[in-house]
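In: fold the following and give me the result.
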Amino acid sequence: MAKQTRPIGGRVVAITGGARGIGEATATELTRRGARVAIGDLDLELAEKTAEELGGGAVAIQLDVTDRDSFANFLDETERQLGPVDVLINNAGIMPLGRFVEEDDLTAQRMVDINIHGVIFGTKLALERMEPRNSGHIVNIASQAGKAGFPGGATYCATKHAVVGLSEAVRAELDGTDIQMSVVMPGVVKTELASGLVEARGVKNLEPGEVAEAIAEALETGRFEVWIPRSTKAINTFFGLVPRRGREAMAKMLRADKILAAADPTARADYERRAAESEPGLEPDSADAKAAAEQ
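Out: Numbering: from 1, shown residues only. Down below sits the predicted model:
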């Protein structure tokens, strides 16, 4: 018997970081399938442009995922304009790259604040709304970097491991309820975040639309672990059976050790600059000024 699917049409979906990249592609795909979508983004102007282009009643709401009050307001406004939130997609994230020992502390703090605390805030706030109704679906966008360690992106990998672990633990806590959890683990996706990255052997880089389609399928079926492409799940399982030295040798053969470490800094310059401005109040200049004032 085929697994029963739940239609996406009519569901209210809130997407963080929805103005560009995977978030925008997902908003597009879900709107096409009849969902009512709220796009949350720090860049309100871009979010409004994206919502206008989508049509379908999509709305744009300013969102700073590092601020719990801002996140609560995002969900409140979504419910005021569209109705009770059926789905939250925790998509917002940043990926500054570089050798771990050379990474400044503000960069690490931004990644932890956005990639981890943002997901924690969103998941808690969504559950507060979903549990009384015993209905809802939370989708956390992690990465295959949440299942392995890639040189050149140590802190990023740590944050995505945290998202995977959080999702697994919360899913277990929701056992026996009708609230669902999914964790999405794509490979390299052709967005600004992945600009200048090296392509691994045997695993092609993904289009954002491929990730969006997989997210839609997870919402329809309730799938928890979403590997994109699906073949990488088998690769990860096989790697887990091989001794560490063998895994490391295979990673080098596939150039997986170069994906982040050998990224082209010139190609990534614009993205790295934007990532450094992605947490209000924690920009390099404002942080330096604050430190000087405290001395």
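In: residue 97: neighbouring residues, count only.
Out: Neighbour count of residue 97, defined by other C-beta atoms under 10 Å: 26. The way it works is simple: take the backbone N, C-alpha and C, and place the C-beta from them, glycine included.
In: check the secondary structure at it for me.
Out: Following DSSP: H, G, I helix; E, B strand; the rest coil, we place residue 97 in the coil state.
In: and the helices in the stretch 51-200 of the chain?
Out: In the stretch 51-200 of the chain, the segments counted as helices under DSSP state H, counting those that start in this stretch are 68-82, 105-111, 118-130, 154-173.
In: and the longest one, which residues are buried?
Out: Neighbour-count burial for helix 154-173, with 16 or more other C-beta atoms under 10 Å as criterion, is recorded at 154-164, 166-167, 170-171.
In: quick one: list the elements packing against that helix.
Out: helix 105-111, helix 118-130, strand 136-141, strand 179-186 (3 or more C-beta pairs under 8 Å, 6 or more residues apart in numbering; DSSP states H and E).
In: contacts for the last one, please.
Out: Contacting residues not belonging to strand 179-186 are listed as 22, 127, 130-131, 134-144, 146-147, 163-164, 167-168, 170-171, 174, 206, 210-211, 214-215, 218-219, 222-228, 232 [C-beta atoms under 8 Å, 6 or more residues apart in numbering].
In: that older thread, tell me which of the helices and strands packed on helix 154-173 approaches residue 198 most closely.
Out: strand 179-186 (16.4 Å; C-beta to C-beta).
In: packing partners for whichever helix or strand comes after the closest one?
Out: Counting by DSSP states H and E, the next helix or strand C-terminal to strand 179-186 is helix 208-221. With contacts taken as 3+ C-beta pairs under 8 Å, 6+ apart, helix 208-221 sits against helix 21-32, strand 136-141, strand 179-186, strand 225-228.
In: and the first one, how far out from the chain middle?
Out: Looking back up the chat, that one is helix 21-32. Mean-position distance between helix 21-32 and its chain equals 13 Å (C-alpha atoms, centre = their mean, to the nearest Å).
In: what mean pLDDT does it get?
Out: pLDDT averaged over helix 21-32 equals 98, rounded to a whole number.
In: just the CA atoms of it, as CSV, please.
Out: The C-alpha coordinates for helix 21-32 follow below in CSV (Å, rounded to 0.1, in the frame of the first residue of the first chain):
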residue,chain,number,x,y,z
GLY,A,21,18.7,30.9,-2.1
ILE,A,22,17.1,27.7,-0.7
GLY,A,23,14.6,29.8,1.2
GLU,A,24,13.4,31.6,-1.9
ALA,A,25,13.3,28.4,-4.0
THR,A,26,11.3,26.7,-1.3
ALA,A,27,8.8,29.6,-1.0
THR,A,28,8.4,29.4,-4.8
GLU,A,29,7.8,25.6,-4.8
LEU,A,30,5.4,25.6,-1.9
THR,A,31,3.4,28.6,-3.3
ARG,A,32,3.1,26.8,-6.6
